[in-house]
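> Sequence plus the predicted model coming up.
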Amino acid sequence: MKLATLRTDGTTRAVRLDGDVLVDLGVPDVGALLAEDGWAERAATATGTTYPVEGADFAPVVPAPSKVVCVGLNYRNHIQEMGRDLPEHPTLFAKFADCLIGAQDDIVRPVETEKLDWEVELAVVVGAPARRARGAEAEAAIAGFTVLNDITCRDWQFRTREWLQGKMWDSTTPVGPCLVTPDELPGGVRPAVDVKLLVDGEVMQSDSTGDLLFDPVDLVEYVSTIVRLNPGDIIATGTPGGVGHARRPERYLLGGETVVTEIQGIGRLENRVVKEKSA
C-alpha cells in the first residue's frame with residue numbers, strides 16, 4: 001500500500017495510490033492517519049473522493065512530524081569516503097518539521113552557504129507509539145518507508161563538532177512522495193532496495209540499503225531507547241557514498257540544478273535548486 005499527502009484546493013488530504021488515481025482517506029494528511037488506531041485497515045478499505053495521479057502536487061508525506069531523527073555515517077562506503085572509522089553506535093542528529101518540503105518543491109539555496117550538498121536517504125515512518133521497543137515491537141512500529149534528501153550546508157555543518165547547524169535549514173529537505181508499507185518491499189521492515197541520486201541527469205550516488213550498518217529495526221530500537229517515537233515521526237537512515245563534499249574536486253549545488261532522488265519500489269523526488277533572494 002502506498003499513502004501520500006496531497007495538496008488540493010488550498011488544503012491537504014491523505015490519499016492512497018490506487019493505479020492512476022488517489023483515493024481520499026478522510027483525514028488531512030498521512031500523519032493524522034497514522035495517529036488513528038486501525039489506520040492500516042482504514043487506509044486499505046477507504047472509498048472516498050478520488051484525484052488523478054497525473055499532475056498531483058505532493059506535500060511532505062508527513063507534513064508535521066513531532067520529530068525527525070537522522071543518522072549519519074551508516075553506509076560503509078560513505079564512512080570510508082569521509083575518512084572515518086566504522087561507528088559502534090548510530091550517529092544521531094535532528095531536523096525539524098520546518099525543514100521539510102514536498103516531492104517536487106524547489107530547494108531554496110540559502111544565501112549564507114557556499115557548500116550546499118545532497119544526500120539520498122531511505123526514511124522510516126513510524127506508525128505506532130514506541131518507547132524502549134525491542135524485536136517484534138520495534139518491527140511493528142514501522143508503518144513504512146519514504147524517500148528523503150538530506151540537503152546539507154557543509155560549511156555550517158563543520159563549523160563545530162556538532163552537525164545540527166548544517167542540517168536544519170528551513171525548507172530545504174524534500175521527503176516523499178509517498179509512504180510504502182513494508183509488505184510491498186523486498187526484505188519487509190529491513191528492505192534491500194536500490195537508492196540513487198542524480199544531479200542534472202548525472203548519477204552521483206548509487207547503492208543498496210543492504211549496505212546499512214544499522215538497519216531500520218536497529219534504529220527504532222536505539223532511538224526509542226532515548227526518546228518516545230510517535231506515529232508520523234521520521235527516521236532518516238543515512239546516505240551512501242558520492243556526496244559532493246567528498247569528491248575531488250568538491251562539488252556543490254549552486255542553483256539551477258535539478259536533483260532527482262529515488263529509491264526502488266518507493267518513488268522519486270525531483271527538485272530544482274533555486275537561489276534564495278536577498279532580503
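Received it, and whenever you're ready, just let me know what you need. Numbering: from 1, shown residues only.

> Just the element for Val223, please.
Using DSSP states H and E, Val223 sits in helix 216-226.

> What helices and strands are in contact with that helix?
strand 68-72, strand 120-126, helix 136-140, strand 142-149, strand 234-236 (3 or more CB pairs under 8 Å, 6 or more residues apart in numbering; DSSP states H and E). For the C-beta atoms, the positions are set from N, CA and C on the backbone; glycine is no exception.

> Can you list the strands that the last one pairs with?
The reference is to strand 234-236. strand 68-72 (parallel), strand 120-126 (antiparallel) (DSSP bridges).

> Return the distance of the closest residue in space to Val147 that isn't next to it in sequence relative to Thr160.
Of all residues not flanking Val147 in the chain, Ile263 sits nearest, at 4.9 Å (CB to CB, 6 or more residues apart in numbering). For Ile263, the distance to Thr160 equals 31 Å [CB to CB, to the nearest Å].

> Show me where the protein has its helices.
Assigned by DSSP state H, the chain shows helices spanning 30-34, 39-45, 76-81, 136-140, 154-157, 164-167, 216-226.

> nearest to Leu17, of those?
helix 39-45 (10.6 Å; CB to CB).

> burial measure for the closest residue to Ile226 other than its chain neighbours, as a count.
Leaving aside its sequence neighbours, Ile226 sits nearest to Leu92 (CB to CB, 6+ apart; 8.0 Å). Other residues near Leu92 come to 16 when the count uses other CB atoms under 10 Å.

> Is there a neighbour count for Leu22? I'd like the number.
The burial count for Leu22: 26, using other CB under 10 Å.

> quick one: it from Ala103, how far?
13 Å.

> again with Gly135
From Gly135 to Ala103 the distance is 33 Å (CB to CB).

> who has more neighbours, the two?
For Gly135 versus Ala103, the count of surrounding residues by other CB under 10 Å is larger for Ala103: 26 against 9.

> if I pick Val259, what's in contact with it?
Ile107, Trp118, Asn149, Leu197, Leu198, Val199, Leu253, Leu269, Glu270, Asn271, Arg272, Val273 (CB atoms under 8 Å, 6 or more residues apart in numbering).
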